[in-house]
Structures are given as structure tokens and as C-alpha cells.
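[1] give me a 3D structure for the following:
(chains A and B)
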Amino acid sequence: MSEHKDFLRTIVEEDLKSGKYNEVVTRFPPEPNGFPHIGHAKSIAINFGIAKDYKGHCNLRMDDTNPTTEDTKYVEALKEAIEWLGFEWEGEVRFTSDYFPKIYDYAIDLIKMGKAYVDSVNEEEMRELRGTVTEPGRRSKYAERSIEENLDLFERMKNGEFEDGAHVLRAKIDMSAANMKMRDPLMYRIRHAHHFRAGDAWSIYPMYDFAHCLSDYIEGVTHSICTLEFENNRDIYDWVLDTLGLEPPRPYQHEFARLGINYTVMSKRKLLELVEGGQVSGWDDPRMPTIAGYKRRGYTPESIINFCDQIGIAKANSMVDVAQLEFCIRDDLNTKVPRVLCVLDPIKVNIENYEGSEEIEAPYYPHDVPKEGSRKIPFSKEIYIERDDFMENPPKGYFRLTPEQSVRLRHAYIITCKEVIKDDQGNIVEIIATYHPDSKSGEDSSGIKVKSAIQWVSASEAKKVEIRLYDRLFKEEAPEGVEDINPDSLKIIQNALIEPAVITEKCDERYQFERQGYFYADPVDYTDERPVFNKIVGLKDSWGKKSKEKKTTGKTEAKPQEKKVQIDGEVVPMTEAQEKLFTKYTDDLGLNSEVANTLARDDKLSYFYAETLDVLHSPVALANIVANDVARELKTKQLDELSFTPTQIAALIKMVDDETISSKIAKQVFEEMLKTGENPTDIVESKGLIQISDPAVILPIIEEVMEKNPDNVEKFRAGNTKLLGFFVGQVLKATGGKGNPSVVNKLVAQKLRS
RNA sequence: UGGGGUAUCGCCAAGCGGUAAGGCACUAGUUUUUGGUACUGGUAUUCGGGGGUUCGAAUCCCUCUACCCCAUCCA
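    Residues are numbered from 1 along each chain as shown, chains lettered A, B, ... in the order given. Okay, here's the model as predicted:
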């Protein structure tokens, strides 16, 4: 766990500390109607991660309330994904369908309370009656049915006596609720459908809003964590649990922002389209953002968990850069996997002065990876190197083989180009080179300096392999659908050449092909006759970036940084009475227009202000505290709910006016009044909050603070004037907030400058 | 449009009245037989805009703006 907790962990910690719960219980509640994707991984990491961090547990629950879309194969995919990611759920996998009998009983309780009714309008009518976001809805005439009738109808719904859609069970809440979700939400609908687990036992199925909160409660979940789009549903969640009067403790719902990644689609619907439309080979196509896809591609569970930790948890909708994910897999594999040589696009090199053959012992890991292991690489007269690693007319900064520039063959000798052989079209077909016998890796006495070492394979021993080069599936940063698909997302190289040890020794399933990237032996299509490797991710390539930049210069001119223009909207005009108050405030009482505006527009505030004014004639100071601090309280409270009176506020301000206390202390006292309702004068007295203005008292404190922070004193004197605030803050803290800020401020400035 | 949310660097994200954390990306340099890795440094005088309160505001107040979610018998 990092030192900065996310907001969910903060909540959990508080709930544990306050004794609200003894143990934290979370759950991961997917609907088994699609393969889990990396967005689910985030949710998995959160739910299982929190449970683990706070020594609680996390259930896996299939939210299978819709028999028409769900299937066992998805249950298996979900279980597999969680296990692969390295988490364990508590006990058996749970199913909402297991709770159907209990949930049914709760529905009956609600009917008996008169809090639920069977409605029989058709869908169209229901939509109409629901109203719109601006207009309230109306209840259907069926809402008036008697409890007995509702009970009877509901039982017959269960018994399958009615057609799909004939009736529904609805919660009786409020058809004019501003939250549309609360307009008598549906609890049950009739579905004569076969359920993949419950079979044909039920003709009615509970809706998400009814089943989810109850399932959480039944399982003893404490923190029901879901994504932001369920914020509006939280009211129903609470309503169901509260009106049922269930024995505490009960779960509470908390929402976080779902994960978005650029160049990726994350909705189950769109993913399903790709699978069904044949744009990908299946749910586990290595280009898919599904867990199965990443797994097949070669990602490690650690890299994905790490990614989930890095991106954090918050409530702002956000779009994470794929580069962050790519960093995570590189970072993970860097210290784990063996390095080998593979040539993707071979060009033959004939080393004319080399005869015979030899085997070169080469370590699997570079000097900075503390792992042991090596293999033998055959070397001979005829080798292949990467086509990119030779250039006849190289640009400036090219480090590889050219007619003028020698290069090292990784783990082997330095070679120099002698001649280039071309075909009729001018394509290079072979390079004639010489090697330097005294330049062998590890025993180099040639003294030749080269700028780089390149990969190569011996022609006769190299093995042919198929390489699948994957790139992002979409070419648009925020893809909409198939029209945004990247046509080059998969390139298959049939005849890449790899050093033999990779095929014969198989020391791992993931490798770094040096200078190219990380690759994974495809778990499905790989055979000894036809080895297949998937590209997981490329290495960072600062040369590729640089050379590409050169080619495209001119295209990427610095775009003019447009300044966003902020449009100021219209402010609602004041009423005549407010206008009058406003002028009184500004003209007679000398308030500034902003404070006057705030006060005049709010009845509660202006009333409260007037009351304080009756007690103390200090219009400006009173206006300030009313318009700022009292206003905060009045946002959520009514006048008669306040824990303080206008008289008390006046008394508080009087002490400020007297300079008995500073305005900083006044805030502190105000907070105390909020909590205890005590008189400000009593608070000041009992806590000894009287302001310290005597320099003789303050000066030593300043000196002490400066002594403790010599670095900052120096920085300040070097010109970092921001630090003045730091010192004032420190001194004030040392006085327990009682120092007179303006005096402290002045003295600190003086002291610092002397 | 009514309600519910959210705005801090190119992308994530800490911060809860007292010096604007960190990661990715970018960039310069050191090391390097991977143009990789590692290491060192540079990247926000400013927190969506404008006002106000305060000695001091990303944090408190007012106001405006932009974006997301809600009118499925989906979850």
C-alpha cells in the first residue's frame, strides 16, 4: 500500500476505526454476460485489494438476474481471470440466483408494508407516466391495489400464470422524485426464460436495484463498491435496505470512476461486436483489452495489477494513456525474461574471411539483471542480420553497419562491410563482409570502436519461426467502433529466424528479442514444427522516434496554443427587494459588493445578518463571517437547525474587533461552536485562546523556527519569497495558533531579512 | 432543461488554510557490447474562469463555464 490512500481506503479505514464494522467485506459482482476486460481488472484490484489490505475478505458473486443474456461460459471466464490475476474469493462462488427465494420473501415484506405494488400498465404507458427530467411522473391506477390483491397477483406472477410483461412489481416511492431512479422503480419482472443455473424454477426475476443491495446485505458486505454510473441508484439501494428495517450492520455503496484507456474500447457491447463481427479472432485475441486477450498476448498478471495500482482510484472520469500499461509490462519483464537473438527481416551476410564454425557461450541476461543462465549460439561464415541494421547511405546519427562503419555482432565479432550485392531492381540481396578475429566478445583486443551491437543468426542453424506483430487495435484515440480499427493491428511474419536454443532449450515462454521487444510463445498455436511468438510490447525506441521525427519534420509544427475562452454566463437578476437590500448593504453599511450580493440574494443569510446587527454594530466584520462561514452551514441546514445563534456570532466578532482573538482563532472558535454549541467567550476562556501580540514572546519562537529550518532560511534569502508563508505558518503553529498573524508576519519578515 | 457527479502538468493523480507529492509521457546528461535497463537533472509562480474572506487560499464563501451520469420490464 502506498502512503497516500485513495478515497475508498480512507472510508474503509474510518469505518473500521469508528467501529461501524469489525471486518471489511467487499465483493466483485460481475454479470456473467461477457468476458472481463481490464476495466474489470481495476474493479477486481480494488475490491480484492481492499479486502486484503484490511484483512477482510472479498466475495465473488455472479449477478445473474437476467436469464436472457447470461451464460455459464462467462462464469468460467470470470473465475479464470480472477485466479489468473492472483486473487482468491471467500468460499464458493456466489450467485444472486441462489438468493432468489430470500429476495422473493423481502419483496413480500415490502408489499405487506404497502411499500410495493403490482403494476399492470404496458411498457409504453409506463414510460409516459414516468414523466421527464423536468416534469414529475404520475402513478398508474394500479398503484391503489390492496395489499391482499398485490400479494395474490405477485404470487401468481411467480407461479407463471401471466405472460411476459403482463405485470411488474414496483416499489412505492415517489413518482415526482427529482432522481428519476426513485420514481417507483421496478423490482420484479416476468420472464418465462430458462436460467442457466436456476433452470425453470422461476417465472419472475428481480431487477438489479432490488437484488443487488439485498445480495450485499445477505452476504454481510460492508462496502459495496461500484462505478460512477450507479450514483443515482444509491438512493434505491438505501431505500430498500432502510425501509425493510434490516438488522444492522448494513452495507453502503461507494462509487469510483471506471477505467478508460485511449486507443481502446471498453464497453462489453462493443467488444462483443468485434468478436461477432470477426474483426478479432475471439475474446482472447491478443489485441483485445480483455483479461483473456492480455493473457494470450503475453502480459503478466503482475504487470496488470501494477498498472491498476499506478492509475489510482478517484471520481473524475479519465482516460489513461496506453503508454502507462506498456510501461508496466516492460518494467515487469525487464527483470524477468531471458534475452535472445531473433531476426525479423533477414538479409544475408557472407563473412568471406571466416572458415569453419564455432559455438559462442552467451548469457541469457544482461549485466544489470541478476539472473544466471546461458546458452550456446552457433557462428559461421553465413549469417543473417536485420535489414534495418544496414544502410548504404545512412543519415547522421546512424550507429549500425554501413560501408564505412563497422558493427559488433552481439556476443560475437566485429564485422566490416566490404561489398553490397544487389538484384536487378537495386535491392540489396547480400552483404559481403570481413570479421576481425581478435574482436571476439569478451576477449576483444582489436581496439576497434563500434557504435552498436546488432542481433544476428547463423544461416544454417537458425530456426524459422512465425512472429505475430501486434499493434493497437484502433487508430483513433477515442474509437467509436469498427470504422476506427487500425488496419495494421496485426502483421504476421512467416519466416523470421531465431537462434536455435530458443526452440530446443525452451528456457522460458517469454523472451526479449534483443533490441526489438518482448515476445510470448503463443499458448494455442505454438508447435515444435511451427513455433509462433506473439509480440507483447516493443522496447522503447529512441532511435526510431528520432529518425521518424526527421522524416516528418515540417508536419508537426508547434501548434498555436489556443487559449480557451471562458464565456461568462448570465447571472439571475435580483428581485426588487433583494436590490433594495443590496443598496442598503453597500451604501449604508459599507459592505463590498460581493458580500452584499451574497447576503442580499439569500433570505436566510440576510435574516441572520440582520439579527447579528441588532446585537453588535460591526457591519463589515459581521457580514464577512455570515457570508462566508455561516453560509456554509446554511447550505445544508435551516435557520432553526443551527447550533449557534446570531447573538453568539456577534459575541465572537466582538472579540475579533477587540483584538482579543485573531480571525484565525475566530475560525477555530466557530468550529467549536458548531460542534458543542457553546458560547464563544466560554470557549476562548476555557481554551486560553487569547491572542499573543507581544513581540517579546513571539521573537524567541521565530528564532527557534529559523534555527530548525536553516535550509529554508537560506532559500528565502536566496530569493524564494514564497517561504515567508511557510515561516509564518510554522511560528503560528508553535503558538498554538494564538500568535497575532499580522504581528508575526511583520516580525518574521524582519527577522528573515536581517 | 430537474437531479446527481467531476474539473490540479500532454495523460493519470496526491493535496483537506501555511514551500504545488508521485507515476507515465517528454527532455538533457552519465553508465552500457540491447539506440534497452539503471542513475542524475529539467519540466505547474499556479490548481476550469471571475470575484470575495484571510497576514496567507488549490483548499473556505459567492458566481459563472465545461464535461459525465439518470427518463431499459439491462446491469
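[2] tell me the contacts of the residue in chain A that RNA strand B sits nearest to?
    Taking CB to the nearest atom of the strand, RNA strand B has its nearest neighbour within chain A at residue A:569, 1.8 Å off. From N, CA and C alone the C-beta is placed, and that goes for glycine too. Residue A:569 makes no contacts at all, as judged by CB atoms under 8 Å, 6 or more residues apart in numbering.
[3] now do the same for it: its pLDDT.
    Predicted confidence (pLDDT) for residue A:569: 86.
[4] cool, the one 5 residues further on as well?
    The confidence metric pLDDT takes the value 91 at residue A:574.
[5] that one belongs to a helix?
    No: according to DSSP: H, G, I helix; E, B strand; the rest coil, residue A:574 belongs to no helix; its state is coil.
[6] what about it, neighbour count?
    14 (other CB atoms under 10 Å).
[7] what's the distance between it and residue A:607?
    To residue A:607, residue A:574 is 16 Å away according to CB to CB, to the nearest Å.
[8] which helix of chain A spans the most residues?
    In chain A, taking DSSP state H as the definition, the longest helix is helix A:38-53.
[9] which residues does the next helix-or-strand element following it contact?
    Downstream of helix A:38-53, the first helix or strand assigned by DSSP states H and E is strand A:57-62. By CB under 8 Å, 6+ apart, the list of residues contacting strand A:57-62 from outside reads A:23, A:25-32, A:47-48, A:50-52, A:70, A:75, A:78-79, A:82, A:87, A:89-91, A:93-97, A:215, A:219, A:221.
[10] close to RNA strand B, is strand A:57-62?
    No: Strand A:57-62 is not in contact with RNA strand B by CB under 7 Å from any atom of the strand; minimum separation 9.0 Å.
[11] chain neighbours aside, what residue packs nearest to residue A:6?
    Excluding the flanking residues, the one nearest residue A:6 by CB to CB, 6 or more residues apart in numbering is residue A:313, at 4.0 Å.
[12] need the three-state assignment for the one you found.
    coil.
[13] can you narrow the contacts of strand A:57-62 to ones near RNA strand B?
    Among these, the ones lying near RNA strand B by CB under 7 Å from any atom of the strand are residue A:31.
[14] by neighbour count, sort out the buried ones in the contacts of strand A:57-62.
    The neighbour count (16 or more other CB atoms under 10 Å) marks A:25-32, A:47-48, A:50-52, A:70, A:75, A:78-79, A:82, A:87, A:89-90, A:94-97, A:215, A:219, A:221 as buried among those.
[15] so which of those residues are in helices?
    A:47, A:48, A:50, A:51, A:52, A:75, A:78, A:79, A:82, A:215, A:219.
[16] can I get the residues you listed in a markdown table with distance to residue A:281 and pLDDT?
    Formatted as a markdown table, these follow (distance: CB to CB, whole Å; pLDDT from 0 to 100):
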| residue | distance to residue A:281 | pLDDT |
| --- | --- | --- |
| A:47 | 30 | 98 |
| A:48 | 30 | 98 |
| A:50 | 35 | 98 |
| A:51 | 35 | 98 |
| A:52 | 35 | 97 |
| A:75 | 22 | 98 |
| A:78 | 21 | 98 |
| A:79 | 22 | 98 |
| A:82 | 24 | 98 |
| A:215 | 35 | 98 |
| A:219 | 37 | 98 |
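[17] so is the helix or strand of chain A with the lowest mean pLDDT next to RNA strand B?
    Least confident element among the helices and strands of chain A, by mean pLDDT, DSSP states H and E: helix A:542-552 (a mean of 78). Yes: using CB under 7 Å from any atom of the strand, helix A:542-552 reaches RNA strand B at A:542, A:543, A:544, A:545, A:546.
[18] now, among these, which is nearest to residue A:138?
    Closest approach to residue A:138 among these (CB to CB): residue A:545, at 63.0 Å.
[19] picking up where we left off before, doesn't the residue of chain A closest to RNA strand B lie inside a helix?
    No: Residue A:569: not assigned to a helix; according to three-state DSSP it is coil.
[20] strand partners (parallel or antiparallel) of the helix or strand residue A:187 falls within?
    Applying DSSP H and E as the criterion places residue A:187 in strand A:186-190. Note on strand A:186-190: by DSSP bridges, its sheet partners are strand A:168-171 (antiparallel), strand A:204-206 (antiparallel).
[21] quick one: check that strand for contact with RNA strand B.
    Yes: applying CB under 7 Å from any atom of the strand, one finds strand A:186-190 in contact with RNA strand B at A:186, A:189, A:190.
[22] distance from that strand to the middle of the chain?
    Relative to its parent chain, strand A:186-190 has a centroid offset of 34 Å by CA atoms, centre = their mean, to the nearest Å.
[23] can you tell me what sits against that strand?
    By CB under 8 Å, 6+ apart, the residues outside strand A:186-190 that reach it are A:107, A:110, A:116, A:154, A:157, A:162-171, A:203-207, A:209-210.
[24] how about stretch A:295-305?
    By CB under 8 Å, 6+ apart, stretch A:295-305 touches A:38, A:41, A:45, A:84-86, A:284-287, A:291, A:294, A:325, A:328-329, A:331-333, A:336, A:470, A:510, A:518-520, A:522-524, A:534, A:536.
[25] what about RNA strand B: which of those touch it?
    Near RNA strand B, by the rule CB under 7 Å from any atom of the strand, you find residue A:331 out of the contacts of stretch A:295-305.
[26] any buried residues in stretch A:678-687, and which?
    A:679, A:680, A:683, A:684.
[27] now, the residues you listed that are in helices?
    Per DSSP H, the buried residues of stretch A:678-687 map to helices at A:680, A:683, A:684.
[28] just the local confidence number for the residue nearest to residue A:6, please.
    On pLDDT, residue A:313 comes in at 98.
[29] near it, how many other residues are there?
    When neighbours are counted by other CB under 10 Å, residue A:313 registers 20.
[30] cool, residue A:636 as well?
    By other CB under 10 Å, the residues close to residue A:636 number 7.
[31] any idea how far it is from residue A:648?
    Distance, residue A:636 to residue A:648, by CB to CB: 19 Å.
[32] what do you get for residue A:606?
    From residue A:606 over to residue A:648 the distance is 18 Å, taken as CB to CB.
[33] next one: residue A:113
    Going from residue A:113 to residue A:648 by CB to CB gives 44 Å.
[34] show me which of those two is the more surrounded one.
    Each of residue A:113 and residue A:648 has its neighbours counted (other CB under 10 Å); residue A:648 has more, 22 against 13.
[35] ok so, going back, adding neighbour count, write the residues of strand A:186-190 next to RNA strand B out as a markdown table.
    What follows is the residues of strand A:186-190 next to RNA strand B, written out as a markdown table (neighbours: other CB atoms under 10 Å):
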| residue | neighbour count |
| --- | --- |
| A:186 | 16 |
| A:189 | 19 |
| A:190 | 21 |
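[36] between these, which is nearest residue A:623?
    Once CB to CB is applied, the member of the residues of strand A:186-190 next to RNA strand B that ends up nearest residue A:623 is residue A:186, at 51.0 Å.
[37] so what's the closest one bridging to?
    Counting by DSSP bridges, the residues bridging with residue A:186 are residue A:170.
[38] pLDDT weak spots in chain A?
    Residue ranges of chain A with pLDDT under 70: A:1-3, A:550-564.
[39] outline the domain layout of it.
    As recorded under automatic domain parsing, the domains making up chain A are A:7-98+A:211-259+A:298-331, A:113-206, A:339-537, A:574-684, A:695-753.
[40] the first one: end-to-end distance?
    The first and final residues of domain A:7-98+A:211-259+A:298-331 sit 27 Å from each other (CA to CA, to the nearest Å).
[41] what do you get for the longest one?
    Looking at domain A:339-537, the gap from its leading to its trailing residue is 14 Å under the measure CA to CA.
[42] and that domain, how far out from the chain middle?
    Centre-to-centre, domain A:339-537 and its host chain are 38 Å apart (CA atoms, centre = their mean).
[43] and if you look at the fourth one?
    Here domain A:574-684 shows a centroid-to-chain-centroid distance of 42 Å under the convention CA atoms, centre = their mean.
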